[in-house]
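1. Make a model of this:
(one chain, ligands or ions: 2)
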Amino acid sequence: MTVVPTVPTIDVSPYLQGDISPDRRAETVERVKAVCFEYGFLQVTGHGIPIATQRQMLACCKTLFDLPQQRKDTLSLKNNPARRGYERIGEQVLDAKALPDQKEGFYIGREVPPTDTGFLRGPNQWPDLPEQTFHGPVTDYYQHMLRLGKALLEMLVIGLGHDISVLETLTKEPVVNLKLLHYPPHLSKDERQFGAGAHTDFGSITMLLQQPGKHGLQVHHEPSGGWLPVPAAEDVLIINIGDLFHKWSDGRYNSTLHRVVNISGDDRYSVPCFYQGDLSATNPFKPGECSGETVEQHIRRKFDQSYGLSAK
Ligand SMILES: O=C(O)CCC(=O)C(=O)O
Ligand SMILES: [Fe+2]
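-> Ligands and ions are numbered 1, 2, ... in the order given. Here you go, the predicted structure:
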């Protein structure tokens with residue numbers, strides 16, 4: 001059997017479960033750190049998200065994207081200051097040297113009353129679907145992401161020798177956005193065409209749920225210059241470092257280029273969850289230094305650029 005090299009897998013349950021020995025917790029933190037230094041990506045097991053919750057989340061993707069185009073278009077993110085809602089196929093360009101992405105997407109974030117609307121803040125644009133087929137399962141999954149995201153950030157700061165209290169501002173009222181994604185089968189012969197063009201993620205960390213068996217994610221491997229395929233396996237989440245944590249850690253945590261080519265021959269659904277952080281936060285590792293770019297300034301620039309939107 002040939003073993004295709006890919007990004008390492010780590011069971012994070014020793015960190016998440018409070019009753020485990022300090023040595024095993026420290027060992028898990030050390031492994032996560034080493035893999036994030038080298039690859040910027042890891043496959044995570046023992047994350048505590050129930051299988052049923054994961055499956056329901058993926059089922060919500062199909063339900064949403066099966067809606068008629070016209071109904072999806074009424075929920076466009078382009079008309080929404082909080083940048084929640086629907087992105088048509090070809091509307092995002094993650095790699096300016098490639099053709100527009102062959103994917104459609106839908107952003108959902110923390111529900112904020114309309115009185116407090118601003119960039120990445122505000123009410124969601126919920127599709128008109130029964131509670132138990134969409135809003136309920138998505139909200140359930142979202143709550144799990146908030147908890148897991150915080151625990152992963154803790155591991156990353158402990159890995160750099162800091163106390164978890166440095167995360168106070170970043171995790172206060174964090175922007176954490178789910179993105180439901182649908183990739184049609186890859187049919188193009190044009191080598192500039194991808195489901196998602198090569199990019200690094202903008203924020204702190206990303207937690208990705210892939211539809212089992214629907215492979216397509218590829219992660220750049222600097223030492224060889226090649227692309228590592230990352231399998232889409234059931235109950236395995238993919239975690240990666242974003243540009244903010246790369247910058248804040250003085251480049252030690254790697255924010256690695258990745259792209260998607262939907263080679264499954266079928267529709268592919270996936271759900272990245274972008275943990276950006278509190279919009280007012282600056283570098284948590286330099287708490288006295290508040291003059292740096294805020295989460296809001298950084299994300300606004302990268303996000304609006306990728307959709308050809310001017311900053312509002
Ligand atoms: O769909 C995937 O597997 C990855 C998506 C991704 O990289 C992104 O949306 O930033
Ligand atoms: Fe990404």
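2. For R192, give me its contacts.
-> K97, A98, L99 (CB atoms under 8 Å, 6 or more residues apart in numbering). C-betas here are computed from N, CA, C, even on glycine.
3. From those residues, pick the one nearest ligand 1.
-> A98 (13.5 Å; CB to the nearest ligand atom).
4. ok, now which ones touch the nearest residue to the closest one once chain neighbours are set aside?
-> Nearest in space to A98, with sequence neighbours left out and distances taken as CB to CB, 6 or more residues apart in numbering, is G197 at 3.9 Å. For G197, the contact set (CB under 8 Å, 6+ apart) comprises V93, L94, D95, K97, A98, L99, D101, R259.
5. host element of the residue of the stretch 151-300 of the chain found nearest ligand 1?
-> Closest to ligand 1 within the stretch 151-300 of the chain is S270: 3.5 Å, counting by CB to the nearest ligand atom. S270 belongs to strand 268-277 when assigned by DSSP states H and E.
6. Could you tell me which residues within the helix or strand following that strand count as buried?
-> Following strand 268-277 in sequence order, the next helix or strand is helix 295-306 (DSSP H and E). Using 16 or more other CB atoms under 10 Å as the test for burial, helix 295-306 gives V295, E296, H298, I299, R300, K302, F303, S306.
7. Can you check what angle separates the longest helix seen in the chain from strand 268-277?
-> Ranked by number of residues, the top helix in the chain under DSSP state H is helix 135-159. Helix 135-159 and strand 268-277 are oriented at 50 degrees to each other (axes from the mean of the first three to the mean of the last three CA atoms, to 10 degrees).
8. residue contacts, the residue of the stretch 151-300 of the chain closest to ligand 1?
-> C61, L181, Y183, L208, L209, Q210, Q211, K214, L217, A232, V260.
9. Would you mind listing what in the stretch 51-200 of the chain touches ligand 1?
-> Contact residues, the stretch 51-200 of the chain versus ligand 1 (CB under 6 Å from any ligand atom): K179, L181, A196.
10. And for the first one, the neighbour number?
-> This points to K179. 18 (other CB atoms under 10 Å).
11. Now name the helix or strand holding it.
-> Going by DSSP H and E, K179 is in strand 175-183.
12. Need the mean per-residue confidence for the next helix or strand after that strand.
-> Heading C-terminal from strand 175-183, the first helix or strand you meet, by DSSP H and E, is strand 196-199. When pLDDT is averaged along strand 196-199, the result is 97.
13. Stretch 297-306 too?
-> 90.
14. Restrict it to CA atoms and write it as CSV.
-> Output of stretch 297-306 as CSV, limited to C-alpha atoms (Å, rounded to 0.1, in the frame of the first residue of the first chain):
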residue,chain,number,x,y,z
GLN,A,297,-8.7,46.5,10.0
HIS,A,298,-7.0,43.4,8.9
ILE,A,299,-10.0,41.3,8.1
ARG,A,300,-11.8,44.1,6.3
ARG,A,301,-8.9,44.7,4.0
LYS,A,302,-8.5,41.0,3.1
PHE,A,303,-12.2,40.2,2.9
ASP,A,304,-13.4,43.1,0.8
GLN,A,305,-10.4,42.7,-1.6
SER,A,306,-11.4,39.0,-2.3
